[in-house]
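1. quick one, structure for this:
(2 chains)
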Amino acid sequence: MSGPNTNYDPVEVSALDPANLDAAVQDAVAAIAAATSLDDLKAARIAHQGEKSPLALANREIGALPPSAKAEAGKRVGQARARVSQALSARQAELEAERDERILVDERVDVTVPALRRQLGARHPIELVAQRLVDAFVGMGWEVAEGPELESEWLNFDALNLGPDHPARQMQDTFFLDPVDSGLVLRTQTSPVQIRTMLEQEPPIYVVAPGKVFRTDDLDATHTPVFHQIECLAIDKGLTMAHLRGALDAFVRIMFGEETRTRVRANYFPFTEPSMETDFLCFACHGEETWGSAEPCRTCGGSGWIELGGSGMVNRKVLRTCGIDPDVYSGFAFGLGIERALQLRHGVQGMHEIVEGDVRFSQQFGMGV
Amino acid sequence: MRMPLSWLAEYTDLAPGARGADVAASLVRVGLEEEDLHGGDITGPLVVGRVLSFELEPQKNGKTIRWCTVDVGQNGQMLTEGKHQEIVCGAHNFEVGDLVVCVLPGAVLPGGFAISARKTYGHVSNGMICAEDEIGLGHDHEGIIVLSRLLGEERAATLSPGDDAIALLGLADETVETNVTPDRGYCFSVRGLAREYWHAQGSPEGGYRDPADVATPVATPGGYPVELKDDSPIDGNDGCDRYVARIVRGIDPTRPSPPWMSKRLTQMGMRPISLAVDVTNYVMLAVGQPLHAFDVDRLSGSIVVRRARSGEVLTTLDDVERTLHTDDLLITDGGEQPLAIAGVMGAASSEVSDTTTGVLIEAAHFDPTTVARSSRRHRLITEASKRFERGVDPKVTAAAAQLAVDLLVEHGGGTVDDAVTDVDRTSERTAYLLDVTEPARIVGVDYPRERVVGILRDLGCVVDESGEGTDDTHVLVTPPSWRPDLVDAPDYAEEVARIDGYNNIPSITPTPSDGRGLTHAQKARRVVADALAGAGLTEVLSYPFVAEELADQLMLPADDDRRHAVRLANPLSEERPLLRTSVLASLVDTLRRNVARGHKDVAIYELGLVVRPGGPIGTAPIPGVAARPDAETLEQLYAAVPAQPRRAGILATGQAEQAGWWGPGRAADWSDMVAAVQTVAAALAVPVAVANDPGHAPWHPGRCARITLADGTLVGHAGELHPKVVAALELPARTVAAEFDVDVLVAASSEPVQARPFSTFPPAMTDIALLVAADVAAADVESALRSGAGESLESVVLFDVYEGERIDAGHRSLAYRLTFRAPDRTLTTDEVNDFRDAAVAAAASATGAVQR
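-> A predicted model of the protein is given here:
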């Protein structure tokens, strides 16, 4: 290396010779372009930009120049080094992009292999259907009422105008607790919840009561000793059968859509007067496999219609039993079987799958319906 | 109740061209639900045949068929081949010589079932010998129809092979069957159904012809003596308040019922028996009044209607000896010999027989409750009891007797006694002052006064618009005698709505104003159910009926509360008479069923009520219903209902995680159950503690976790089932289970969660390994660490457990990572070390832990 020399002519220092600088740059650019990997590029960087590279050497020579020549030489060397740097970073970016691309290709897996390591759980659709109905009514301002499943006979029967001689109170319909004179039964309907509500709350009352009910039926395609009902009760001033129809229509729309065909007709229930029955067009045969067909529909028995459930204006006797003045308040009640709603809405043909607890049944429905 | 269209047309005018389905639809509009439709869809040839011979031919399938030759008159093979009809028949309930019903090739049976000659069992069968259900006559398929049994010997004797069976059996005539609700007893008659059909047609003037509208004689002296002696009426109602007795003598017992009557009875689903019996049945079907025919020559004393005496016995017509109850009302001969359970069934002793020439017709009105109780008590549901318990028109009595008398005289050749017995204690219905605007208020349709009055008059009510109390809006209504159900305004409102049409009622959505949404408990229970499903468990529903031996199989200790189950008086199965005291108890079956169906990996749960009486069962009062029971009675009523906590049960077996490309699977174990309960608690933001519980059935004593709230309240248990329980219940080995009280968790979550501030400074972590005796619970070590570590401790994680050669036998090494963070600064290393040492010291003093 040369020492400072104020008389020194920069042109005469070979390292700073423009042609040499140019050549060094050319060499560097060629080496950079030739690098096919980040490692190659690293080697090229050391060779052409490192401490021992021609350009670094040239740079050092500047210090030995007389001040008058420094600026000129510095500018020349700086430009040369910038060109190399530029080439390096451009190539670096290219090679990194290629590498990133290659990694993505290398890391490819077959995402169609099974991903679930754990079994998924599910809710029982009876619960989901009940929840759906409850939510819709809660959305309309109703509340949810509940009561025990083992219930007093008085609340399950007498208070609902089902006197001691009513056929439903026979042992062939109702589970009685032992001893029979304990006055306790497994509730045969969700209606005792109505009575409890009316006894405990002042009108206006707007409640839905979903729950388990029990009858002494053996399990078959259409019966099960344990099933579910949902019942609605409204007590207020000025309620009429028109409001009952309105509530029923809301129910049907929520559950089965706007297109559902229903019919209403008079019926008889001890706890309502007037009473009303709502029927659906049969979901299985759509009213087409009626009597006289080669095979009358088993689901509807050939009538073309399926009972949705009973309803009516709460009997004045029932209101009085609950301490509600029938001359001030009127109300309506209606109930339906949730199993039936499930069958209707989801095409469940029998009863066995609903009650047997085969996990495949619930798992079809996931967490919501 | 059935009704042939031809019979309906006698009492009212059918809409032009109306078919059975149209009539059924009309009746539905006025509230009578269609049940079935019979007949009217057969085209012949369907003929009477006489079985000439048959050969028994055993078949490979184990059946023996009969290869029959049947005389079908000038029909079928007689016309085409000059020989008798050859038919294969599978039934065996007939003999050579019997008259049967044959359907011949070319006929079409109900359901479009076309008959042709076809090869079967090695023969060409030229048609079929029919059973009842095949020709739409009934539902009986026990055997083929033998006409002497269906129509009676007398009627059968008049038939010849080849007679048209469609006309004979009334099959061309459609018969509508409707479901009659308990409040409409009058619809158990063609009279009542015709009236309803007439209403459905708009009640056209003069369009209804009442079959009971016949002249009846008044009571005379010298009639057969009848005494009504009810000395213990039920609810103050006399067991019998009307008794008409008419006598027809000199009947020729060989005279058959007229064919039209036999046909109608057959269409109605009843068997013709003899003229006297057929007449009583026919009149009952026509006007709804059950009649009884006694052989007057077998009666010795006056007819006394009284309650049965204790221990009294009667053999009814169905040959069953019945011990009577003092509530049973009896018809007796002279007050002693019982002749019948009133309104239910007669005794064989006084029944008309094939030699009876003198008949006493009983047309009486019995108390509905009395008949209903007798019918249920003796499990005898008869045509008579069905009608009486729903209420028979007390004013149709005499007319019904007259109709029967007329038919017996006309068809039996008898003569009626002039003397007439009619003991009448019925009272007139009183008029009800009806507010004519009330139906509008109840129904929500603005019925004008004229509409209300018009409908009530059409229904047979007498409407007085000028009597006492009447004004612009009030009229006096007296309901017709056949409508005991019409009592007050809602009853009349229903009638107005029904006749005007339920479909005219508008639909108005009610708008409650102050709903508060779901309660906390209702929401929280959904969270529980969803959390369990989210944790990979499948919700099922099981029946709550369990076996007595289950408590032993679950190894419940003698004093365990879960042994105090309530018992059903009438369980579906004697093997399962108890109501579950835990949800697990009834889930066991469900798990077994899934396993039996080939599901190896099953994880199920159920949320439901269990019954925990906690002591002896009390007696729930049955107060009156006229008014609200007093507070004390209500209190007793509620208190008598045993406690029914809501619990969740979980059972799992098989793999919790599947084997796959990622490696081997993992079997469900005790920890999955603990995790499930912890998942639920976390979902409700309720902190819970876990402890080893070596003594809680039905769990494995070394693999059972007791889960409690922070205050020690028991939530439930989780872990692996005891191997003996698993064996006793025949569950897969290592079945795991959990059960917890949902109510406890729900209650613990009822207060709003209060947010704790958290630090944004960097955490400091330090790991420690503690050597503890093997029987020291990790939960206790962690608890001690927490108590000693101070307020800056953020979390404690047990990241490794080591047992083995490198440490002392009987010990475990527990490796914890402690994370510290202060709310206001970055902790220094020295501070963290101090905290760590304090934590270790606390663990050492509480559990004997030694830092390694």
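2. only C-alpha atoms for contact and neighbour calcs from this point on.
-> Will do.
3. how near is B:Arg734 to B:Asn281?
-> 68 Å (Cα to Cα, to the nearest Å).
4. between these two, which has more neighbouring residues?
-> B:Asn281 (25 against 21; other Cα atoms under 10 Å in any protein chain shown).
5. mind jotting down where the strands sit in the stretch 51-200 of chain A?
-> Per DSSP state E, counting those that start in this stretch, the stretch 51-200 of chain A carries strands over the ranges A:143-144, A:150-152, A:184-186.
6. what's the answer for the stretch 51-200 of chain B, then?
-> Assigned by DSSP E, counting those that start in this stretch, the stretch 51-200 of chain B shows strands spanning B:64-71, B:85-89, B:99-103, B:108-109, B:113-114, B:118-120, B:123-125, B:128-129, B:175-179.
7. do the same with the stretch 351-500 of chain B
-> According to DSSP E, counting those that start in this stretch, the stretch 351-500 of chain B carries its strands in the segments B:359-366, B:415-416, B:421-424, B:432-435, B:462-464, B:474-478.
8. what of the stretch 251-369 of chain A?
-> All strands of the stretch 251-369 of chain A, identified by DSSP E, counting those that start in this stretch, fall at A:262-266, A:272-281, A:305-314, A:330-337.
9. with mean pLDDT and distance to chain B added, can I get the ones you listed in a markdown table?
-> Formatted as a markdown table, those follow (pLDDT from 0 to 100; distance: least, Cα to the nearest Cα, whole Å):
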| stretch | mean pLDDT | distance to chain B |
| --- | --- | --- |
| strand A:262-266 | 87 | 4 |
| strand A:272-281 | 90 | 5 |
| strand A:305-314 | 90 | 8 |
| strand A:330-337 | 93 | 8 |
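10. mind putting these into TSV with mean neighbour count and distance to B:Leu476?
-> TSV is the format used below for the strands of the stretch 251-369 of chain A (neighbours: other Cα atoms under 10 Å in any protein chain shown; distance: least, Cα to Cα, whole Å):
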stretch	mean neighbour count	distance to B:Leu476
strand A:262-266	21	24
strand A:272-281	24	20
strand A:305-314	24	24
strand A:330-337	25	24
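11. how about JSON lines for these, with distance to B:Gln85 added?
-> JSON lines is the format used below for the strands of the stretch 251-369 of chain A (distance: least, Cα to Cα, whole Å):
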{"stretch": "strand A:262-266", "distance to B:Gln85": "50"}
{"stretch": "strand A:272-281", "distance to B:Gln85": "45"}
{"stretch": "strand A:305-314", "distance to B:Gln85": "43"}
{"stretch": "strand A:330-337", "distance to B:Gln85": "53"}
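12. please identify which of the strands of the stretch 351-500 of chain B is closest to B:Pro182.
-> Closest to B:Pro182 of those, according to Cα to Cα: strand B:359-366, at 16.2 Å.
13. quick one: contacts of that closest one?
-> Identification of contacts with strand B:359-366 by Cα atoms under 8 Å, 6 or more residues apart in numbering or on different chains yields B:239-249, B:276, B:289-297, B:342-343, B:352, B:388, B:392-394, B:397-398, B:400-401, B:404-405.
14. would you write a PyMOL line that selects the buried entries of those residues?
-> Here is the PyMOL command that selects only those of those that count as buried (16 or more other Cα atoms under 10 Å in any protein chain shown):
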select buried, chain B and resi 239+240+241+242+243+244+245+246+247+248+249+276+289+290+291+292+293+294+295+296+342+343+352+388+392+393+394+397+398+400+401+404+405
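15. dump the residue contacts of the residue of the stretch 101-250 of chain A found nearest chain B.
-> In the stretch 101-250 of chain A, the residue that lies nearest chain B is A:Gly121 (3.7 Å; Cα to the nearest Cα). A:Gly121 makes contacts with A:Gln363, A:Gly366, B:Leu532, B:Ala533, B:Gly534, B:Ala535, B:Gly536, B:Leu537, B:Thr538, B:Glu539, as judged by Cα under 8 Å, 6+ apart.
16. looking at the strands of the stretch 351-500 of chain B, which is buried most?
-> strand B:359-366 (a mean of 26; mean count of other Cα atoms under 10 Å in any protein chain shown).
17. re earlier: CSV for the strands of the stretch 51-200 of chain A, including mean pLDDT and mean neighbour count?
-> Formatted as CSV, the strands of the stretch 51-200 of chain A follow (pLDDT from 0 to 100; neighbours: other Cα atoms under 10 Å in any protein chain shown):
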stretch, mean pLDDT, mean neighbour count
strand A:143-144, 96, 22
strand A:150-152, 97, 27
strand A:184-186, 96, 26
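18. just the pLDDT for A:Ala23.
-> Looking at A:Ala23, its pLDDT reads 89.
19. likewise the one 3 residues further on?
-> Listed pLDDT for A:Gln26 reads 91.
20. what's the burial count for it?
-> 15.
21. can I assume it sits in a helix?
-> Yes - judged by DSSP: H, G, I helix; E, B strand; the rest coil, A:Gln26 forms part of a helix.
22. and it, how close does it get to A:Ile32?
-> Separation of A:Gln26 from A:Ile32 (Cα to Cα): 10 Å.
23. top of the contacts of A:Gly121 by neighbour count?
-> In those, the most neighbours by other Cα under 10 Å go to B:Thr538, 32 neighbours.
24. between the strands of the stretch 351-500 of chain B, which one is nearest to B:Ile505?
-> Nearest of the strands of the stretch 351-500 of chain B to B:Ile505, taken as Cα to Cα: strand B:432-435 at 19.6 Å.
25. put the alpha carbons of the closest one into PDB.
-> C-alpha atoms of strand B:432-435 as PDB (Å, rounded to 0.1, in the frame of the first residue of the first chain):
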ATOM      1  CA  TYR B 432    -128.900 -19.700  29.900                       C
ATOM      2  CA  LEU B 433    -128.700 -15.900  29.500                       C
ATOM      3  CA  LEU B 434    -126.200 -15.500  26.800                       C
ATOM      4  CA  ASP B 435    -124.500 -12.300  25.900                       C
END
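26. neighbours around the residue lying closest to B:Gln74 once chain neighbours are set aside, how many?
-> Once flanking residues are discounted, B:Gln74 sits nearest to B:Gly162: 6.3 Å by Cα to Cα, 6 or more residues apart in numbering or on different chains. Counted by other Cα under 10 Å, the residues lying close to B:Gly162 total 20.
27. tell me the contacts of B:Gly162?
-> Residues in contact with B:Gly162 (Cα under 8 Å, 6+ apart) are B:Val47, B:Val48, B:Gly49, B:Asp71, B:Val72, B:Gly73, B:Gln74, B:Asn75.
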